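[1] Next comes the sequence, and after it the predicted model I'd like to discuss.
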Amino acid sequence: MELILHRFELPLQHTFTISRGSVDVQETMIVELRHGGLAGFGEATTNSYYNATLEQMVADLRRIEPLVADSTPEDPGQFWQQAREELADNPFAHCALDMAMHDLWGKVRGEPVYQLWGLSTDSVPASNYTIGIDSIDVMVEKMQQQAGWPIYKIKLGTPHDLEIIAALREHTDAVFRVDANCAWSVEETIENSGAMRELGVEFIEQPLPAEQRDEMPHVKQHSLLPLVADESCIVEADVDRCAEGFDVVNIKLVKCAGLTPARRMIQRAQELGLKVMVGCMTESTVGISAIAQLLPMLDYVDMDGAALLAEDIADGVKVKQGICHYPDVPGCGVSLLKDGKIPVTE
């Protein structure tokens, strides 16, 4: 196979703010694998919280070009394991490579990845649309501009979180999910759970900082809403660690290193009686199309990344008002609309 790397800047429709920062443009790397006239694509965005830089992803992937050159798209799981030795410290790069391999694998076989896994998309969960932190008036306006979504995920972590939810509730009957991104205390979480349940909130995502995982069983015991692990659930071993303190695990493909380990995490969570969600970063249709292959295995999904963009770079799976629309294309269904090729010298 041939390895080609692309860099893009993804402009957002609105400034996207969570409890620890804001972004207007998201840098992303696209991995392209070519074989026999076909191309598979994968994606990893940069992320300062997880120390994921474009420079390091590119450097690490360049280092495994000999492995790529000697490989064929026959077994994505085996290829993931072979790349593991070199990419163990860079799950974002490993994820993009794994996505591209699955997309190419499906295209070579002429079937969507989810069908090759024996799955059906007849009954799949709807996605939420995420409203970033802003003034209450602006948050209301953002939601109204995206009217018709069945679920909205509201980013919180402000001194007036309950006021935000109450104000948004005046304008829609849709389901709400809230995500504090580690910004609340134990007491805040327990107190907010009751008030937010009355306001039609479905669950609370990552209320406490990840390092306070030992406090989560107490929170779970007293919370009136289900609790979702995000920053507390990064790699496969974290699923077991989350079983006592959370009701749901939110798996991010870039954090766990791709579709291959994500499937194992889903299976383990289900064995433990946890519900499963897969979430996105602010990704293009490349990353969203990979998530879509897992959709039949999930209880919840947050795959609105491409819907948050002012301009996309790829075609593939589309999410419109929460509903996932699959293209009649094998693999993950991805085609790149632009060329952002990074010269080999970089």
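    Perfect, thanks for sending it. Numbers count the residues shown, from 1 in each chain.

[2] And for residue 218, the neighbour number?
    13 (other Cβ atoms under 10 Å). For the C-beta atoms, the positions are set from N, CA and C on the backbone; glycine is no exception.

[3] Distance check, it against residue 47.
    Distance, residue 218 to residue 47, by Cβ to Cβ, to the nearest Å: 30 Å.

[4] Check what pLDDT residue 344 gets.
    Here the pLDDT value assigned to residue 344 is 81.

[5] Apart from its neighbours in sequence, what residue is nearest the most centrally placed residue in the chain?
    What sits nearest the mean C-alpha location of the chain, by Cα atoms, centre = their mean, is residue 280, with 1.8 Å. Nearest residue to residue 280, sequence neighbours excluded (Cβ to Cβ, 6 or more residues apart in numbering): residue 305, at 4.0 Å.

[6] ok now do the one you found, which residues does it touch?
    280-284, 287-288 (Cβ atoms under 8 Å, 6 or more residues apart in numbering).

[7] Can you name every helix or strand that the strand or helix carrying residue 278 contacts?
    Here residue 278, judged by DSSP states H and E, is contained in strand 275-279. Secondary-structure packing of strand 275-279 (3 or more Cβ pairs under 8 Å, 6 or more residues apart in numbering; DSSP states H and E): strand 248-252, helix 259-271, strand 300-302.

[8] make it 10 Å
    Applying 3 or more Cβ pairs under 10 Å, 6 or more residues apart in numbering; DSSP states H and E, one finds that strand 275-279 makes contact with strand 201-205, strand 227-229, strand 248-252, helix 253-256, helix 259-271, helix 285-294, strand 300-302.

[9] That strand vs strand 201-205, what angle?
    Between strand 275-279 and strand 201-205, the angle comes out at 70 degrees (axes from the mean of the first three to the mean of the last three Cα atoms, to 10 degrees).

[10] Adjacent strands (with direction) for strand 275-279?
    strand 248-252 (parallel), strand 300-302 (parallel) (DSSP bridges).

[11] Roughly how far does residue 73 sit from residue 86?
    Counting by Cβ to Cβ, the gap from residue 73 to residue 86 is 19 Å.

[12] ok, those two, which is more surrounded?
    Legend: neighbour count by other Cβ under 10 Å for residue 73 and residue 86, higher for residue 73 (24 against 15).

[13] Helix or strand: which one has that one?
    Here residue 73 is assigned to no helix or strand, by DSSP H and E.

[14] So it sits against residue 98, correct?
    No: using Cβ atoms under 10 Å as the test, residue 73 is too far from residue 98 to be in contact (11.8 Å).

[15] Need the overlap of contacts for the two.
    By Cβ atoms under 10 Å, 6 or more residues apart in numbering, residue 73 and residue 98 have these common neighbours: residue 79.

[16] Counting neighbours, which bits of the lengthiest strand in the chain end up buried?
    Secondary structure of the chain per DSSP state E: the longest strand is strand 2-18. Residues of strand 2-18 classed as buried: 3-8, 10, 12, 16-18 (neighbour count, 16 or more other Cβ atoms under 10 Å).

[17] How far off centre is it?
    14 Å (Cα atoms, centre = their mean, to the nearest Å).

[18] Packing partners of the helix or strand just after it?
    Where DSSP H and E defines the elements, the next helix or strand beyond strand 2-18 is strand 21-35. Contact analysis of strand 21-35 by 3+ Cβ pairs under 10 Å, 6+ apart lists strand 2-18, strand 38-45, helix 54-63, helix 65-69, helix 91-109, helix 285-294 as its packing neighbours.
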